[in-house]
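J.: Any chance you could fold what I've pasted below:
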Amino acid sequence: MSKVPRILHLHSTFDAGGKEVRCVRLINHWGKAAEHAIVSGDPERRGAASLLGKAAKVSWPKFPSLTGKPTPGRFKKIAEAMAGYDLICTYNWGAIDAAMAHTLFADMFKLPPLVHHEDGFNEDEAGGLKWRRNFYRRIALGRTAALVVPSHTLEAIALDVWQQPRGRVQRIANGIDTRAFAAPPKRDVLPPLVKHKDEFWIGTLAGLRKVKQLDMLIRAMTYVPPEWQLVIAGEGPERESLLALAESLGVEDRVHLPGFVAEPQKLVGLFDIFALSSQSEQQPISLIEAMAAGLPAVAPRVGDIASMVASDNGPLLFDVGDQETLTKTLDSLARDPAARKRIGQANRDKARTEFDELRMIERYRALYWGLMDRNAFPRSDAAED
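T.: Now for the predicted structure:
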């Protein structure tokens, strides 16, 4: 066993989504305490790499494809490529074949423990889980050391649908540096986009993908007061279609897609309302960030969202796909600054109490280092942000 542990992270892509950003935050926090090898199944999609700190010890090894026919020969190649590490971390359905390879060939290649992470579902399962995938997961996860989920909803699915043993499933709530979102940001943080004093912003942080249903937010802009702007920070394949929709509705001058924002703590505080429209979420980090910034959140009742927000925020939630309620809620909240302030403060208080990242980091540290049988961990001042 090497002096510094080597952890292999297998992602279908490494664009800056919730799980990727969390992975980067953990890597940055641990600094020189571990070496990390990161695999993006799509090598062209590695946007989250820009968030890695200077102290992070990261490599990008060549690796067999994470997708393909489920043949023994292919699984054997994947398993062989996982040898030589102290811990393997796989993420979501896109890396499930690596978990299967580990289950089949762990003994042959003397593979280390594997931790599988499930953070939610894409549009292909947002409307309901597929029985074939459920069956496949039950087999693939057969020898995992732990299955980590962030939400109560996913915890129930892991236990009841995927039939995982209680002792294997660990729910670790997402966390952020809540105080970093408290400082008031500069109005010109996104040049050339500048927030003017007579403007108000509805904002969201989201990958521009169909499952996020961002067209709903654009459609709502035709009803909210004209001094309100919509800012959607993120990248993805739906960018051009969203811009085309805004133009067709005549709100293109009020809809802004500035791209991926590496430091959301410098942006979120400019929002006056945070909005989500997703078909599927579990425990969205962007919502926690908005709460920490003291914002009211208009969001769908999916995953753990209803239990995440403060009770004062409950009336702002809507059923998935309910365009009318989403629009009416945004319009009403836009006209009620006192409600925005009251609900935002309640959300901030709850975020600081329940979702600070130090608790999350400690849970992951205990899990990972415990599985690697490394009781000694460097002092906190040895890790670097």
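
J.: Below-threshold pLDDT in the chain: ranges please.
T.: 1-2, 122-127, 374-385 (pLDDT under 70).

J.: Where do the helices of it begin and end?
T.: Along the chain, counting by DSSP state H, helices occupy 18-30, 72-81, 96-105, 123-126, 131-140, 152-160, 215-220, 239-248, 285-292, 305-308, 323-334, 337-354, 357-371.

J.: Of the ones you listed, which is nearest residue 5?
T.: Counting by CB to CB, residue 5 lies closest to helix 357-371 out of those; the figure is 7.5 Å. (C-beta placed from N, C-alpha, C; glycine too.)

J.: quick one, domains of the chain?
T.: The chain breaks down by automatic domain parsing into domains covering 6-175+356-382, 178-354.

J.: Reformat the ones you listed as a markdown table; add mean neighbour count.
T.: Listed next are the domains of the chain as a markdown table, based on neighbours: other CB atoms under 10 Å:
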| stretch | mean neighbour count |
| --- | --- |
| domain 6-175+356-382 | 18 |
| domain 178-354 | 19 |
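
J.: still on that earlier bit, can I get the helices of the chain in a markdown table with distance to residue 272?
T.: Putting these into a markdown table (distance: least, CB to CB, whole Å) gives the following:
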| stretch | distance to residue 272 |
| --- | --- |
| helix 18-30 | 23 |
| helix 72-81 | 48 |
| helix 96-105 | 40 |
| helix 123-126 | 28 |
| helix 131-140 | 40 |
| helix 152-160 | 29 |
| helix 215-220 | 14 |
| helix 239-248 | 19 |
| helix 285-292 | 11 |
| helix 305-308 | 20 |
| helix 323-334 | 8 |
| helix 337-354 | 6 |
| helix 357-371 | 25 |
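
J.: among the ones you listed, which is nearest residue 266?
T.: When these are compared by CB to CB, helix 285-292 sits nearest residue 266, at 11.2 Å.

J.: packing partners for the closest one?
T.: The contact analysis (3 or more CB pairs under 8 Å, 6 or more residues apart in numbering; DSSP states H and E) places helix 285-292 against helix 18-30, strand 200-205, strand 273-275, strand 297-300, helix 305-308, helix 337-354.

J.: ok, residue 242 - contacts?
T.: By CB atoms under 8 Å, 6 or more residues apart in numbering, the residues touching residue 242 are 208, 214, 215, 218, 232, 255, 257.

J.: and of those, the nearest to residue 267?
T.: The nearest member of the contacts of residue 242 to residue 267, counting by CB to CB, is residue 232 at 11.4 Å.

J.: I'd like to know how far the closest one sits from residue 264.
T.: 13 Å (CB to CB, to the nearest Å).

J.: and if you look at residue 282?
T.: 19 Å.

J.: Also residue 29?
T.: From residue 29 to residue 264 the distance is 17 Å (CB to CB).

J.: Same question for residue 163.
T.: Counting by CB to CB, the gap from residue 163 to residue 264 is 37 Å.

J.: Likewise for residue 21?
T.: 9 Å.

J.: Likewise for residue 154?
T.: The value you get for residue 154 to residue 264, if CB to CB is used, is 23 Å.

J.: Can you give me the end-to-end span of stretch 22-36?
T.: Taking CA to CA, to the nearest Å, stretch 22-36 runs 14 Å from one end to the other.

J.: Check stretch 9-24 too.
T.: End-to-end distance of stretch 9-24 (CA to CA): 11 Å.

J.: How about residues contacting it?
T.: If you take CB under 8 Å, 6+ apart as the criterion, stretch 9-24 is touched by 36-42, 45-52, 63, 66-67, 88-95, 98, 117, 119-120, 174, 207, 235-236, 260, 262, 284-286, 360.

J.: can we see that at 7 Å?
T.: With CB atoms under 7 Å, 6 or more residues apart in numbering as the test, stretch 9-24 has contacts from 36-42, 45-49, 51-52, 66, 89-92, 94-95, 98, 117, 119, 174, 207, 260, 284-285.

J.: Report the distance from that stretch to the chain centre.
T.: Put simply, stretch 9-24 sits 8 Å off its chain's centre (CA atoms, centre = their mean, to the nearest Å).

J.: Check stretch 50-57 too.
T.: Distance of stretch 50-57 from its chain centroid, counting by CA atoms, centre = their mean, is 19 Å.

J.: Ok, stretch 337-346 next?
T.: Centroid separation for stretch 337-346 versus its chain: 26 Å, with CA atoms, centre = their mean.

J.: which residues are contacting that stretch?
T.: Residues from elsewhere that reach stretch 337-346 (CB under 7 Å, 6+ apart): 272, 273, 294, 295, 296, 310, 312, 313, 333.

J.: export those residues to TSV and tack on distance to residue 13?
T.: TSV is the format used below for the contacts of stretch 337-346 (distance: CB to CB, whole Å):
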residue	distance to residue 13
272	32
273	30
294	32
295	28
296	32
310	33
312	37
313	32
333	34
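
J.: Name the nearest of these relative to residue 245.
T.: Among the contacts of stretch 337-346, residue 273 lies closest to residue 245 (CB to CB), at 20.1 Å.

J.: Who are the contact partners of the closest one?
T.: Contacts of residue 273 (CB under 7 Å, 6+ apart): 202, 295, 296, 298, 330, 333, 334, 340.

J.: run the last query once more with 10 Å
T.: Residue 273 makes contacts with 200-204, 224, 228, 230, 290, 295-298, 316, 329-330, 333-334, 340, 343-344, as judged by CB atoms under 10 Å, 6 or more residues apart in numbering.

J.: ditto for residue 218
T.: Contacts were defined as CB under 10 Å, 6+ apart; by that measure residue 218 touches 230, 232, 242-243, 245-249, 251-252, 254-255, 277.

J.: With residue 47 instead?
T.: Contacts of residue 47 by CB under 10 Å, 6+ apart are 13-17, 20, 40, 207, 234-235, 259-260, 262.

J.: ditto for residue 372
T.: Here residue 372 is in contact with 1, 5, 6, 7, 34, 85, 86, 87, 112, 113, 145 (CB under 10 Å, 6+ apart).
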